[in-house]
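**Q** fold the stuff below for me.
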Amino acid sequence: MRHKKYFPDVIIVYERKAREYLGCCLLKAELEKRGYSAWICHHSYRHMWLCRLIAKPKVVLSLCALTTELMPGWTVMDQHSCFLRGSAEYYINLQAEQLFRNGEDTYNIVFDPAYREKIYYVCWGEWRARQLRSYGIDEEHIAVTGALQRDLCQPRFFALYEDKKELAKRHKIALEKEWILFISSFPYVTYSDEELRWGAKVLNQCREQVTVDSVYELRKAALLTYEVILSWIDQYLDDNQHQVVIYRPHPGEKMTPQITKLLKKYPDTFKVIFEDGIQQWIYVCDYVDTWVSTAMAETVFLKKHCNIIQPFPAPPDFQPVFMDEFPKILSYEQFAEAHREQKQNDAMVECDILSQYFSENIAYVSICDLVEKLYQKRRSHFYKNQNKIIKYLFSRQYLLTLYAVFVLTFHIKLSKIIPFEKLKLTLFESRLSKNGDIYTECKISQSDKQRMRTIKKIVTQKV
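**A** Below you'll find the model as predicted:
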């Protein structure tokens, strides 16, 4: 009998811990409850190098299914599902982004016949399912499961969240003040030129005529709004010291000089916090603001009001389609007024708007039903990949990934010991320091482990 710890039946791949990790824990707990072994792996670091060598899961779940090449002959999907002992037979696309407009909705849909029959799509609601059907995706490969983030807004999972007093102590936030949460959606503002070019490459796989110039235009539009909103926050805090603004960056967003300036100017009333899931912060804050974040849906599910701050119309590429039907704040006067008195949301109207985008199904149960159905199927491997994976294991990209693991685990840089001029390790190490979040997303803290234990207790309870 195999040892389940080293030979997982299922691998769950995540990218951003704050956005996805709790949902992955839900899936892992439910699968283990059903008798399957599951690993949670960061897509470029945690356990993935080890998985590549020893694991051979039958099912892989990942936030995306992209056939964009990371290197010749090696795609994002290969990165998530190819192992030395063979490929995963089934690939479940969790689709981290789903709220696309019709006509702009081919992102994360795989048309390549070499992969198509292997992929199954998780849909939050009928909106995305209809889009997939319109592109000829077989009904058998579409599962309307609901959204994991909605599961985490159920009262039975409130035990996962700290109360306001605990968070105030941990993050040094004044407990007696009102808390305003701003959910940022400005990763484009902080992307490097290299990251923007990669984004254009990925989008070009899905849509026609996506150029680097068009992606730069999106950044320009985002930057314009970003600067105005930050100026409003600055002006508001100058006049309202009885409140604290908690700026929650997008998972892909980095610090900027504008944010640093506000932190220095308002050390007690302006906080930037990357940690914990967005549900945690919505749960405790008195006011919630956003520009175009899909997390607005979580505010509705948690029965909170959300202010949509848009000094300029948001580009359609950025704004989730459901947000079209909600009122917007267009001026500083409206912005200030929105934070003087807490508003009650019209739960019935807002839930009705969201109903076609978010099913009421319990997502983690429905997704695990799909995993179990696929796991019990009998079929041969979709394709053999030993030559492909062996070539990858000796590629520069894989060796650099292993080196990143070494540096970030042991804090030893080989360039300090031996000159590696030709390999350009010094440059690679400097990039690791600047973009360490790409790799350190995988670090699991004691509080993360405690949440996993709490989730297991909740999932095993009979409800």
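
**Q** other residues contacting stretch 244-253?
**A** For stretch 244-253, contacts defined as Cβ atoms under 8 Å, 6 or more residues apart in numbering pick out 15-19, 173-174, 177-187, 189-191, 233, 236-237, 259, 262, 266, 268-274, 278, 281, 285, 293. C-beta coordinates here come from the backbone N, C-alpha and C atoms, glycine included.

**Q** using neighbour counts, trim the residues you listed to the buried set.
**A** Among those, those classed as buried by 16 or more other Cβ atoms under 10 Å are 15-19, 173, 177, 179-187, 189-191, 233, 236-237, 259, 262, 266, 269-273, 278, 281, 285, 293.

**Q** pull the helix or strand with minimum mean pLDDT from this structure.
**A** The weakest-scoring helix or strand in the chain, judged by mean pLDDT, DSSP states H and E, is helix 437-440 (a mean of 49).

**Q** name the next helix or strand downstream of that helix, please.
**A** helix 446-460 (DSSP states H and E).

**Q** give me the buried positions along the helix or strand where residue 387 lies.
**A** Here residue 387 sits within helix 386-393, counting by DSSP H and E. Neighbour counts over helix 386-393 (16+ other Cβ under 10 Å) mark 389, 392 as buried.

**Q** what's the first helix or strand after that helix?
**A** Taking DSSP H and E, what comes next after helix 386-393 is helix 396-410.

**Q** state the mean pLDDT of that following helix.
**A** The average pLDDT within helix 396-410 is 71.

**Q** output the contacting helices and strands for it.
**A** helix 48-54, helix 425-434, helix 437-440 (3 or more Cβ pairs under 8 Å, 6 or more residues apart in numbering; DSSP states H and E).

**Q** look up phi and psi at the nearest residue to residue 391 once chain neighbours are set aside.
**A** Ranked by Cβ to Cβ, 6 or more residues apart in numbering and with sequence neighbours excluded, the top spatial neighbour of residue 391 is residue 73, at 7.4 Å. Per-residue torsions, residue 73: phi 80, psi 10 (degrees, to the nearest 10).

**Q** mind checking how far residue 412 is from residue 403?
**A** 10 Å (Cβ to Cβ, to the nearest Å).

**Q** cool, and residue 29?
**A** From residue 29 to residue 403 the distance is 33 Å (Cβ to Cβ).

**Q** again, but for residue 185
**A** From residue 185 to residue 403 the distance is 33 Å (Cβ to Cβ).

**Q** please apply the same query to residue 460.
**A** 40 Å.

**Q** what does residue 139 give?
**A** Using Cβ to Cβ, residue 139 is found at 45 Å from residue 403.

**Q** also residue 114?
**A** Applying Cβ to Cβ to residue 114 and residue 403 gives a distance of 31 Å.

**Q** mind checking which of those two has more residues around it?
**A** residue 403 (17 against 12; other Cβ atoms under 10 Å).

**Q** surely residue 296 and residue 305 touch.
**A** No. Using Cβ atoms under 8 Å, residue 296 is not in contact with residue 305, being 10.2 Å away.

**Q** what is in contact with those two at once?
**A** Contacts common to residue 296 and residue 305, judged by Cβ under 8 Å, 6+ apart, are absent.

**Q** how far is stretch 62-75 from where the chain is centred?
**A** 17 Å (Cα atoms, centre = their mean, to the nearest Å).

**Q** buried residues in that stretch?
**A** For stretch 62-75, by 16+ other Cβ under 10 Å, it's 62, 63, 64, 65, 66, 67, 70, 74, 75.

**Q** strands - which of the residues you listed land there?
**A** If you go by DSSP state E, the buried residues of stretch 62-75 have 62, 70, 74, 75 in strands.

**Q** according to the record, where do the domains of this structure fall?
**A** 10-147+360-460, 164-346 (automatic domain parsing).

**Q** contacts only, for residue 115.
**A** Counted by Cβ under 8 Å, 6+ apart, residue 115 has contacts 65, 67, 77, 91.

**Q** widest-spaced pair of those?
**A** Between any two of those, the greatest separation by Cβ to Cβ is 11.4 Å, found for 67 and 91.

**Q** in this structure, where's the longest helix?
**A** helix 212-239 (DSSP state H).

**Q** what mean pLDDT does that one have?
**A** Rounded mean pLDDT across helix 212-239 is 89.

**Q** what packs against that helix?
**A** Contact partners of helix 212-239 among helices and strands, from 3+ Cβ pairs under 8 Å, 6+ apart: helix 187-190, helix 193-206, strand 243-248, helix 257-265, helix 332-338.

**Q** let's see that with 6 Å instead.
**A** Taking 3 or more Cβ pairs under 6 Å, 6 or more residues apart in numbering; DSSP states H and E as contact, the helices and strands that helix 212-239 lies on are helix 187-190, helix 193-206, helix 332-338.

**Q** now those in a markdown table, with distance to residue 446 and mean pLDDT?
**A** As requested, the helices and strands packed on helix 212-239 are exported to a markdown table (distance: least, Cβ to Cβ, whole Å; pLDDT from 0 to 100):
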| stretch | distance to residue 446 | mean pLDDT |
| --- | --- | --- |
| helix 187-190 | 28 | 86 |
| helix 193-206 | 32 | 69 |
| helix 332-338 | 37 | 95 |
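
**Q** pick the most deeply packed of those helices.
**A** Highest mean neighbour count among the helices and strands packed on helix 212-239 (mean count of other Cβ atoms under 10 Å): helix 187-190, with a mean of 20.

**Q** just the CA atoms of that helix, as PDB, please.
**A** Extracted in PDB, the C-alpha atoms of helix 187-190 (Å, rounded to 0.1, in the frame of the first residue of the first chain):
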ATOM      1  CA  PRO A 187      -1.700  45.600 -10.000                       C
ATOM      2  CA  TYR A 188      -1.300  47.200 -13.500                       C
ATOM      3  CA  VAL A 189       0.000  50.400 -11.900                       C
ATOM      4  CA  THR A 190       2.900  48.500 -10.300                       C
END
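
**Q** circling back to that earlier point, make JSON lines from the helices and strands packed on helix 212-239 and add distance to residue 134 to it.
**A** Shown next, in JSON lines, are those (distance: least, Cβ to Cβ, whole Å):
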{"stretch": "helix 187-190", "distance to residue 134": "28"}
{"stretch": "helix 193-206", "distance to residue 134": "14"}
{"stretch": "helix 332-338", "distance to residue 134": "38"}
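
**Q** so which of the ones you listed is nearest residue 34?
**A** Per Cβ to Cβ, nearest to residue 34 of the helices and strands packed on helix 212-239: helix 193-206, 34.1 Å.
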